[in-house]
Every structure is written in C-alpha cells, then in structure tokens.
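Engineer: structure of the sequence below:
(one chain, ligands or ions: 1)
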Amino acid sequence: MAELVYSLIASAGVDRRQIVGVGVGAPGPMSHEQGLIYRAPNLPGWVNIPLRNLFSGQIGLPVVVENDANAAAFGEFKAGAGRRAHSMVLLTLGTGIGGGLVLNGKLWRGRFDNAGEIGHLIVQVDGRACPCGQRGCLERYASANAVAELLVEAVRAGKPSILADRIRANEALDARDVLDALQQGDALARDTWEHSTRHLAIGIASVQHVLNAQRYILGGGLAKAGAPLLDAVKRHLEQTYWKIAPDCPEVVLAELGSDAGAIGAAMLAREGAPASAAVGSEARGRSS
Ligand SMILES: [Zn+2]
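Structural biologist: Down below sits the predicted model:
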C-alpha cells in the first residue's frame, strides 16, 4: 500500500508537501477514531490491526481510515449520484449488502462506528440464516449472491426453469444469469427477481421511516443490471410505501462504480486535514 502511494505521487508529479492526507477505505468492523481494524473476514490474519498508525508511519503523511462502504457513500455524495442531496443512503448490492449514510452533508458513523449496516436490517422474522448470526437479514434476500441462491434453491425444490440443467450440473450461477433468464421469459427467474427487489424496496421503506432521507443510491454488482433493477425497486417501493405523506425518496443508480470508495476516502482525508492545510489545498485546486 505504501509503495502504491509512493508510485502514485511520482506518476502524478505532485509535490509531497501539497498532500494533506491519505484516505483508506477498509473492510471489517473498525474503530474510525483509532484507525483500528478489529477484524477483516476477507483478509486472513487481520485482527486488531492499527492500520492508520502503521500506514502513516510508512508514508509519513496523515492517514484517515474509514469503513469501505462509508467511504463509497461519501464518494457518491461528493462526486457521484449523491451530489447536492440533502441526505442520502448508499446500498452496495454484492456478496452481501453494504451501506453508508450521509445526513445533513456529514457521514453518519453512529456511536459504535457501525451505522448503515442495512444488509442486516431484518426483513423477515425467523427468515433465512445470515453469517452474522441473525435470521431474515435483507442481504439474504436482495444481495447479488442471494438472487442467484434463491433461484438455485427453488430449482432444487422442484420448480422448472431454463437454468435447471446448469444447476443440476452444479454450475455456479450469478445474478447476471438470473437476469438473462428473466429476459428470455423464464417465469422462475422473474419471480425470483420480483421477490428480491420487493425485499429491497421493503428494506428501503423501513429505513426511510427512520431517516426521511432524500435519495437512495443502488451500487455494487447487482446495480450493473441497470434499468431492470431500478424499475422493479421503484415500482415495489411505490406500492409498499405509505401514502399519507409525500416523503417517498428518490432511488437512483450509483455513478462511480468501484472508484467510489477511493474517491470518498480521499475526500474524507481532505476534510479531516487541519483547516490551514485544507484551505491551502483548495487554493491549489483539487490536488488531494
Ligand atoms: Zn445478517
């Protein structure tokens, strides 16, 4: 990571003194304040890693460590689909569902730095088991992985589908295969897509009653589906959401793709920099 920073500085031809800080979007539950990763399930051996201090020591620059989904939310807020929103929620629909909240222009981390874990919003009492230990979590119904899993389970339970032969051959399917089958008129794929997007809409409706945010942004692998995802979620949300007040939120697709986290982390590093340094960087243009 330090070598990457050095090579980026060299290739951009930037004077080191112009850099007010480096932002890192990192997985896992963490303490933002201490820059400490408690545990990163996808990075074996990363237990209680003081990432900020280690990294800052290596590169000799101030470092801000942020949860990767939070960083992506802040990136979309500053430079993507969340621009000019009063408040926004990012949902990244991938292996699971990550989330980040920007309220009144500020990233909302919560008292324990775990705010925005929308993937673990419980949308079914005693529903499907989740690796987090709960049951009925949203990500067990509406993540990219869950869409494929739900269809595979339905086929194994005896439902017909044009994907049945591939499933019987134990081929690994993903959400893209479900969407392709839907577009070829497969009824089970359509039912699965409706089931998943309806759960997503119900999750959004529930969060909306708590936050009353202006905009919900859908990102991650599943959002590559584009219009079929957006249209279905909006339709279900319209049907589900109450009609007694005009506070149904906007739902849009993310704009920055996998760059959102890097952009957001850099923006957070700039915001976290001492005022004089931040003003200096502003005067020199968008150098951070
Ligand atoms: Zn869960």
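Engineer: name the residues of stretch 189-205 that are buried.
Structural biologist: Burial within stretch 189-205, assessed by neighbour count using 16 or more other CB atoms under 10 Å, is assigned to 189, 191-193, 195-205. To be clear about C-beta, it is placed using only N, CA and C from the backbone, and glycine gets the same treatment.
Engineer: swap in stretch 59-71?
Structural biologist: Counting neighbours by 16+ other CB under 10 Å, stretch 59-71 gives 59, 61-71 as buried.
Engineer: any idea which of these is closest to Gly35?
Structural biologist: Closest approach to Gly35 among the buried residues of stretch 59-71 (CB to CB): Val65, at 4.2 Å.
Engineer: wasn't the closest one part of a strand?
Structural biologist: Yes. The secondary structure assignment for Val65 places it in a strand, going by DSSP: H, G, I helix; E, B strand; the rest coil.
Engineer: for the residue nearest to it when sequence neighbours are not counted, grab the count of nearby residues.
Structural biologist: Spatial nearest neighbour of Val65, excluding adjacent residues (CB to CB, 6 or more residues apart in numbering): Gly35 at 4.2 Å. Residue neighbour count, defined by other CB atoms under 10 Å, stands at 21 for Gly35.
Engineer: just the local confidence number for Gly35, please.
Structural biologist: Looking at Gly35, its pLDDT stands at 92.
Engineer: spit out the contact partners of it.
Structural biologist: In this structure, Gly35 makes contact with 50-53, 63-65, judged by CB atoms under 8 Å, 6 or more residues apart in numbering.
Engineer: distance of it from Val63?
Structural biologist: 7 Å (CB to CB, to the nearest Å).
Engineer: need the phi and psi values for Asp186.
Structural biologist: Recorded main-chain torsions at Asp186 are phi -70, psi 120, according to degrees, to the nearest 10.
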